[in-house]
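J.: The amino acid sequence is not available; the structure is as follows:
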């Protein structure tokens with residue numbers, strides 16, 4: 001760049017020196033021309049031999065620069081330019097000279113502007129996973145009989161009064177489909193999916209697509225490598241927060257077999273799945289799944305309202321491997337069947353009176369009973385009465401352990417969801433029939449319930465209040481800005 005610029009300038013200087021050497025002839029030629037264009041052509045003729053750039057420079061030359069001093073100045077400039085051009089040609093002629101020049105100039109820059117680096121650059125090969133890029137939030141998972149599953153934000157369902165109808169959680173179900181299950185989990189949980197054939201699969205909760213309340217959801221076939229002949233209604237989903245060595249997986253089958261397996265046995269599940277249990281009879285499937293710890297107790301409930309509580313210790317229910325069938329859990333009367341299973345924590349035992357069992361029937365009736373009224377018995381017994389029914393055709397639908405600050409969400413087979421405070425449900429005796437929790441449409445029954453812990457409800461309320469305060473503050477700022485604009489417009493003079 002500098003070479004081209006020096007050569008261009010030398011070309012103009014040579015033209016000006018030529019014009020000054022024949023100054024009288026140049027002036028006469030310019031005076032004889034009728035226009036600037038004609039004068040430029042005369043200067044470019046063979047009489048003077050100037051180029052277009054040189055002729056333009058001569059025509060632009062002020063009269064004050066026609067002195068002998070100016071001629072000497074141009075002569076000196078030409079000499080300097082020729083020396084510069086020679087140096088630049090020598091520099092560009094050898095690559096080593098160019099690199100040496102660059103090095104010297106960089107050294108000057110470093111000496112002038114160089115400062116110690118404040119940050120360090122390290123090689124890092126770790127990449128962020130999808131889980132790390134997913135916000136941790138509580139959500140609801142809904143599953144239907146035909147294997148459709150979806151994830152909903154918890155704030156889609158506000159708490160309502162007891163006995164209300166609720167609002168739609170899913171609407172576009174086919175005639176042969178119905179909601180089977182709803183449960184609360186974190187988007188960072190792992191959903192342990194146990195198929196009808198007793199094979200366990202791992203599905204990150206955040207991979208279940210989030211949809212609107214009325215959407216049907218996504219088929220499990222698209223999320224898990226299930227076989228085409230799988231019974232989707234018998235596939236169970238269980239949220240697991242951590243695969244700790246002190247936590248066990250409880251599996252209860254429809255035939256009444258129960259087993260306890262360390263959850264860490266399922267910490268690494270291959271894509272094709274892992275065997276979770278072996279069935280002893282044809283047609284038996286996993287009916288319920290839960291997590292427990294040593295010292296906890298489990299309560300089993302039947303459709304006719306019988307309940308049986310026993311310890312999860314080595315004496316009553318020892319841990320076994322993945323491929324074991326388990327042991328008999330409860331003796332049932334003819335026409336009865338196991339409907340649910342709840343785990344009572346050992347840390348908040350019945351002595352403090354904080355834990356209660358919440359029973360909900362098909363027709364939407366429910367009650368709370370102190371855990372202390374269900375004394376631990378031996379596994380394999382008939383149990384005791386846990387609930388009586390207002391109507392002869394009503395049956396028990398779900399059983400959960402709750403505390404006073406919790407909330408409960410009920411979902412019907414047709415997808416209607418109602419959320420309410422647990423405190424609103426009456427505390428009654430084991431033989432009581434309960435109160436109405438949800439008003440149901442004709443031919444609809446309660447399909448599942450899920451408990452929203454008090455800590456989750458409080459955090460949800462805190463976030464909602466923070467969002468509301470931010471919106472109010474934003475509206476206030478906007479109103480203040482509008483007021484300032486109006487005041488400024490009022491102060492402006494008319495016209």
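T.: Now that the structure is in, tell me what you want to look at. It should be emphasised that the depicted structure is a prediction, and the values quoted were computed from it without experimental measurement.

J.: Low-confidence bits of the stretch 351-495 of the chain, can you list those?
T.: 351-353, 475-495 (pLDDT under 70).

J.: What ranges does it have for its helices?
T.: Per DSSP state H, counting those that start in this stretch, the stretch 351-495 of the chain carries helices over the ranges 454-491.

J.: three-state assignment of residue 54?
T.: helix (DSSP: H, G, I helix; E, B strand; the rest coil).

J.: Tell me how far it lies from residue 1.
T.: Residue 54 is 22 Å from residue 1, where distance means Cβ to Cβ, to the nearest Å. Yep, even glycine has a C-beta here, placed from its N, CA and C like the rest.

J.: Same question for residue 151.
T.: 62 Å.

J.: Which one's more surrounded, these two?
T.: residue 151 (20 against 6; other Cβ atoms under 10 Å).

J.: Centre-most residue in the protein?
T.: Centroid-nearest residue in the chain, with Cα atoms, centre = their mean: residue 134, separated by 2.9 Å.

J.: for the protein, what are the low-confidence residue spans?
T.: 66, 68-69, 125-126, 348-353, 475-495.

J.: Before we go further, residue 265 is sitting in a strand, right?
T.: No - according to three-state DSSP, residue 265 belongs to no strand; its state is helix.

J.: ok now do it, which residues does it touch?
T.: For residue 265, the contact set (Cβ atoms under 8 Å, 6 or more residues apart in numbering) comprises 249, 274, 321, 322.

J.: As JSON lines, those residues with neighbour count and secondary structure would be great.
T.: Output for these, formatted as JSON lines (neighbours: other Cβ atoms under 10 Å; DSSP: H, G, I helix; E, B strand; the rest coil):
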{"residue": "249", "neighbour count": "26", "secondary structure": "strand"}
{"residue": "274", "neighbour count": "17", "secondary structure": "strand"}
{"residue": "321", "neighbour count": "12", "secondary structure": "coil"}
{"residue": "322", "neighbour count": "17", "secondary structure": "coil"}
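
J.: Looking at these, which is nearest residue 22?
T.: residue 274 (102.1 Å; Cβ to Cβ).

J.: tally of neighbours for the residue lying closest to the closest one once chain neighbours are set aside?
T.: Distance criterion Cβ to Cβ, 6 or more residues apart in numbering; nearest residue to residue 274, sequence neighbours excluded, is residue 200 at 5.0 Å. The local packing of residue 200 (other Cβ under 10 Å) involves 24 other residues.

J.: same check, this time on residue 434
T.: Here the count is done by other Cβ under 10 Å, and residue 434 has 24 residues near it.

J.: nearest spatial neighbour of it, skipping sequence neighbours?
T.: In this structure, residue 434 finds its nearest non-sequential neighbour in residue 367, 3.5 Å apart by Cβ to Cβ, 6+ apart.

J.: Tell me the bridge partners for the one you found.
T.: residue 359 (DSSP bridges).

J.: can you pull the contacts of it?
T.: Neighbour list for residue 367: 358, 359, 387, 425, 426, 427, 428, 432, 433, 434, 435 [criterion: Cβ under 8 Å, 6+ apart].

J.: Drop anything exposed from these.
T.: By neighbour count, with 16 or more other Cβ atoms under 10 Å, the contacts of residue 367 hold 358, 359, 387, 425, 428, 433, 434, 435 as buried.

J.: Tell me the spacing between residue 42 and residue 27.
T.: For residue 42, the distance to residue 27 (Cβ to Cβ) stands at 11 Å.

J.: whoops, I mixed them up, residue 228
T.: Look at residue 228 and residue 27: by Cβ to Cβ, they are 102 Å apart.

J.: next one: residue 105
T.: To residue 27, residue 105 is 46 Å away according to Cβ to Cβ.

J.: just residue 316 next, same as before
T.: Computed as Cβ to Cβ, the residue 316 to residue 27 distance reads 123 Å.

J.: which of the two has more neighbours?
T.: Ranked by neighbour count (other Cβ under 10 Å), residue 316 and residue 27 place residue 316 first, with 17 against 13.

J.: How about the contacts made by the more buried one?
T.: Residue 316 is in contact with 310, 378, 379, counting by Cβ under 8 Å, 6+ apart.

J.: Let's see that with 6 Å instead.
T.: Neighbour list for residue 316: 310, 379 [criterion: Cβ atoms under 6 Å, 6 or more residues apart in numbering].

J.: Also residue 301?
T.: Contacts for residue 301 (Cβ under 6 Å, 6+ apart) come out as 307, 339, 340, 396, 399.

J.: please redo it, this time with the cut-off set to 7 Å
T.: Residues near residue 301 by Cβ atoms under 7 Å, 6 or more residues apart in numbering: 307, 339, 340, 386, 396, 399.

J.: pretty sure it belongs to a strand, no?
T.: Yes - with three-state DSSP as the criterion, residue 301 is part of a strand.

J.: Give the closest residue to it in space, chain neighbours not counted.
T.: Closest residue in space to residue 301, ignoring its immediate chain neighbours: residue 399 at 4.2 Å, by Cβ to Cβ, 6+ apart.

J.: Next, the buried residues of stretch 246-263.
T.: By neighbour count with 16+ other Cβ under 10 Å, stretch 246-263 contains the buried residues 247-263.

J.: do the same with stretch 392-402
T.: Residues 394, 395, 396, 397, 398, 399, 400, 401, 402 are the ones in stretch 392-402 that count as buried (16+ other Cβ under 10 Å).
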